[in-house]
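Peer 1: quick one, what's the 3D model for this:
(one chain, ligands or ions: 2)
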Amino acid sequence: MTKSVFITGATSGFGRAAARRFAEAGYSLVLTGRRRERLEELEQELSGKVAVHVVELDVRDEAAVKKAVDELPEAFASIHVLLNNAGLALAPEPAQDVALEDWHTMIDTNVKGMVNVTHALLPTLIDIGAGASIINIGSTAGKWPYKGSHVYGATKAFVEQFSYNLRCDLHGTGVRVTDIAPGMAETEFTLVRTKGDQAASDQLYGNTTPMSAEDIAEQMFYVATLPAHLNINFLEIQPVRQVWAGMAVDRDE
Ligand SMILES: NC(=O)C1=CN([C@@H]2O[C@H](COP(=O)(O)OP(=O)(O)OC[C@H]3O[C@@H](n4cnc5c(N)ncnc54)[C@H](OP(=O)(O)O)[C@@H]3O)[C@@H](O)[C@H]2O)C=CC1
Ligand SMILES: O=CCS(=O)(=O)O
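Peer 2: Ligands and ions are numbered 1, 2, ... in the order given. Model (predicted):
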């Protein structure tokens, strides 16, 4: 029986790499994101290998999410893996310098968007039961505070606790839940965070060894294809060359 994976944020970074990785293993793909042209490119690339269904979708739009799930073609109606990947960070400036709108965008996307999609797909995942997986993409930022993380890190802390609580309610259904919490990985993430500052993105990922989108896609695939009786609750993964900053101390001149 061919398994299906529903990927949010499939137009870039981790989500696009995951689409390719699951396609390699013969999964049918439901690929979503706001950039239709990128969805169509990926569909063109992968539809020769596996069945692909693309949906132009903003996860913040509750009605659109429900419609996308309700209108899944029969061949994609049974979803075995949900990759709640869509998300972003905005404004790496100190909290006091950040527009409230940017905070709302991160909450609406990383928190409300994730719960919108999860709520819509829970029934089909429960129908699948043993072996089904919900993989939520958190972040090291959800555990470890740093300057400029403000609401972003807090949204990822939500991802962690939501994942744990979801596990408790799904207990007995066989559905697994995992929070994968990456550190620094080279995608469009920093370009988005800095609203298009390519130099800032190049500077962050230059002269070091960040993780790649493929590194994280491999973790997603590993978690999703564990034996059905195993659940990884939390998987934090960083580049060897990234560690936590020390405590900062304010001193008199
Ligand atoms: N790269 C990193 O260092 C890390 C990233 N993460 C998390 O990983 C996830 C993927 O990020 P990454 O691949 O790095 O970044 P990218 O910016 O490369 O990809 C983000 C993806 O999310 C999608 N997305 C953003 N907003 C929405 C929305 N409102 N509705 C639907 N899709 C949306 C984008 O698609 P589109 O714009 O087409 O809608 C895009 O496909 C995010 O949740 C991020 O927070 C976690 C830890 C580290
Ligand atoms: O979530 C992204 C990773 S980091 O920018 O917090 O290191």
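Peer 1: how close does residue 197 get to ligand 2?
Peer 2: Separation of residue 197 from ligand 2 (C-beta to the nearest ligand atom, to the nearest Å): 14 Å. Where C-beta positions appear, they are placed from N, C-alpha and C, glycine not excepted.
Peer 1: what's the local residue count around the closest residue to that residue other than its chain neighbours?
Peer 2: Using C-beta to C-beta, 6 or more residues apart in numbering and skipping residues adjacent in sequence, the residue nearest residue 197 is residue 191, 7.1 Å away. When neighbours are defined as other C-beta atoms under 10 Å, residue 191 has 16 of them.
Peer 1: ok, the helix or strand containing residue 191 near ligand 1 or not?
Peer 2: Using DSSP states H and E, residue 191 sits within helix 189-193. Yes: on the criterion C-beta under 6 Å from any ligand atom, helix 189-193 is in touch with ligand 1 at 189, 192.
Peer 1: report all helices and strands that the helix or strand following that helix contacts.
Peer 2: Later in the chain than helix 189-193, the nearest helix or strand by DSSP H and E is helix 198-205. Under the contact definition 3 or more C-beta pairs under 8 Å, 6 or more residues apart in numbering; DSSP states H and E, helix 198-205 sits against helix 189-193.
Peer 1: so what secondary structure elements neighbour the helix it packs on?
Peer 2: Contacts defined by 3+ C-beta pairs under 8 Å, 6+ apart place helix 189-193 against helix 198-205.
Peer 1: quick one: contacts of the helix it packs on?
Peer 2: Contacting residues not belonging to helix 198-205 are listed as 184, 186, 190, 191, 194, 210 [C-beta atoms under 8 Å, 6 or more residues apart in numbering].
Peer 1: how about low-confidence regions in the stretch 101-250 of the chain?
Peer 2: Counting by pLDDT under 70, the stretch 101-250 of the chain shows no low-confidence range.
Peer 1: residue 31 reaches residue 54, doesn't it?
Peer 2: Yes: counting by C-beta atoms under 8 Å, residue 54 is a contact partner of residue 31 at 4.9 Å.
Peer 1: state the phi and psi torsions of the closest residue to residue 40 other than its chain neighbours.
Peer 2: Distances taken as C-beta to C-beta, 6+ apart put residue 54 closest to residue 40, at 6.7 Å, once the chain neighbours are dropped. Backbone torsions for residue 54, taken as degrees, to the nearest 10, come to phi -110, psi 140.
Peer 1: equivalent analysis for residue 6, please.
Peer 2: Backbone geometry at residue 6, expressed as degrees, to the nearest 10, gives phi -110, psi 120.
Peer 1: isn't it right next to residue 79, touching?
Peer 2: Yes: between residue 6 and residue 79 there is a contact under C-beta under 8 Å: 4.7 Å.
Peer 1: with neighbour numbers in mind, choose between these two.
Peer 2: Comparing residue 6 with residue 79 by other C-beta under 10 Å, the one with more neighbours is residue 6, at 28 against 23.
Peer 1: which residues are common contacts for residue 31 and residue 54?
Peer 2: 10, 39, 42, 43.
Peer 1: want to throw those residues into TSV with neighbour count and pLDDT?
Peer 2: Listed next are these as TSV, based on neighbours: other C-beta atoms under 10 Å; pLDDT from 0 to 100:
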residue	neighbour count	pLDDT
10	32	99
39	23	98
42	23	98
43	16	98
